[in-house]
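[1] okay, structure incoming, though there's no sequence with it:
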């Protein structure tokens, strides 16, 4: 699966999240005061996290979950509070270390296994649910589907992920965002129309056992993201 484009993008993301903007993301994912734009992004991310959590069973005791691209661990911690055993992995060691510190403060050390590495690593094992919130949006559409194909072979009940929907509004906001100082910019995303993504998924031989069940878009100024749930056929 590790194509040249995937490996190149993975390296760029590691540099951005681990070095260029680690302090900005630490503030964004806390309750620290932030600018108006970042406050909108924070609110949008909170809304999206709530959507994905609501798509999971209320009682997660006995469930093993992969938080793929966990960042500072907000989703992993919420899932652990509901009883899940979570493996949370991210390329950015700086953000993972922060997540570990927050976990200790909450007394949930035994429920979340934070790791630094590639979310696509097959040695992580198998899971009841896999969540990739705003982590595969940075990859090309072909690589995004390859990641889902890999997840599909390791997941039993549902795959929840987000993508950047191709809309006129998102294109405008993305262009405006490029005039910000480099440390304040998000890494490049790869927007795709939901219909185009659905076609890629249904055309994939390795995803024939999976069915898209629902989707939901969250838009809060500079934050535009769309969630999709894949479940086993008949699920």
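    Happy to help now that I have it. Because the structure is a prediction, the values reported are computed rather than measured.
[2] mind listing what the closest residue to residue 17 other than its chain neighbours touches?
    Closest residue to residue 17 apart from its sequence neighbours, by CB to CB, 6 or more residues apart in numbering: residue 92 at 3.7 Å. (Glycine included, C-beta is placed from N, CA and C.) For residue 92, the contacting residues are 13-14, 17-18, 22, 71, 116, by CB atoms under 8 Å, 6 or more residues apart in numbering.
[3] how about a cut-off of 7 Å?
    Residue 92 is in contact with 14, 17-18, 22, counting by CB atoms under 7 Å, 6 or more residues apart in numbering.
[4] so residue 14 belongs to a helix, correct?
    Yes - judged by DSSP: H, G, I helix; E, B strand; the rest coil, residue 14 forms part of a helix.
[5] ok, and the closest non-adjacent residue to it?
    Nearest one to residue 14, counting by CB to CB, 6+ apart, is residue 91 at 4.1 Å.
[6] pretty sure the one you found contacts residue 15?
    No - applying CB atoms under 7 Å, one finds residue 91 not in contact with residue 15, separated by 9.2 Å.
[7] which residues of this structure fall in helices?
    Ranges of helices within the chain are 4-15, 22-28, 36-54, 74-81, 93-106, 141-152, 168-177, 194-203, based on DSSP state H.
[8] give me the packing partners of the shortest one, helices and strands only.
    What that stands for is helix 22-28. helix 36-54, helix 93-106 (3 or more CB pairs under 7 Å, 6 or more residues apart in numbering; DSSP states H and E).
[9] can you give me the distance of the nearest residue to residue 124 once chain neighbours are set aside to residue 191?
    Excluding the flanking residues, the one nearest residue 124 by CB to CB, 6+ apart is residue 87, at 5.7 Å. Computed with CB to CB, to the nearest Å, the distance linking residue 87 and residue 191 is 29 Å.
[10] quick one: which of the two has more around it?
    Per other CB atoms under 10 Å, whichever of residue 87 and residue 191 has more neighbours is residue 87, with 21 against 17.
[11] who does that one bridge with?
    residue 66, residue 113 (DSSP bridges).
[12] out of residue 91 and residue 15, which sits in the more crowded spot?
    Comparing residue 91 with residue 15 by other CB under 10 Å, the one with more neighbours is residue 91, at 22 against 14.
[13] list phi and psi for that one.
    Phi and psi for residue 91, reported as degrees, to the nearest 10, are phi -70, psi -30.
[14] what residues are up against it?
    Contacts of residue 91 by CB under 7 Å, 6+ apart are 10, 13-14, 17-18, 118.
[15] that older thread, any chance of the helices of the chain in a markdown table, with mean pLDDT and distance to residue 222 too?
    Output for those, formatted as a markdown table (pLDDT from 0 to 100; distance: least, CB to CB, whole Å):
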| stretch | mean pLDDT | distance to residue 222 |
| --- | --- | --- |
| helix 4-15 | 91 | 19 |
| helix 22-28 | 81 | 12 |
| helix 36-54 | 93 | 6 |
| helix 74-81 | 96 | 19 |
| helix 93-106 | 94 | 20 |
| helix 141-152 | 96 | 21 |
| helix 168-177 | 56 | 5 |
| helix 194-203 | 97 | 20 |
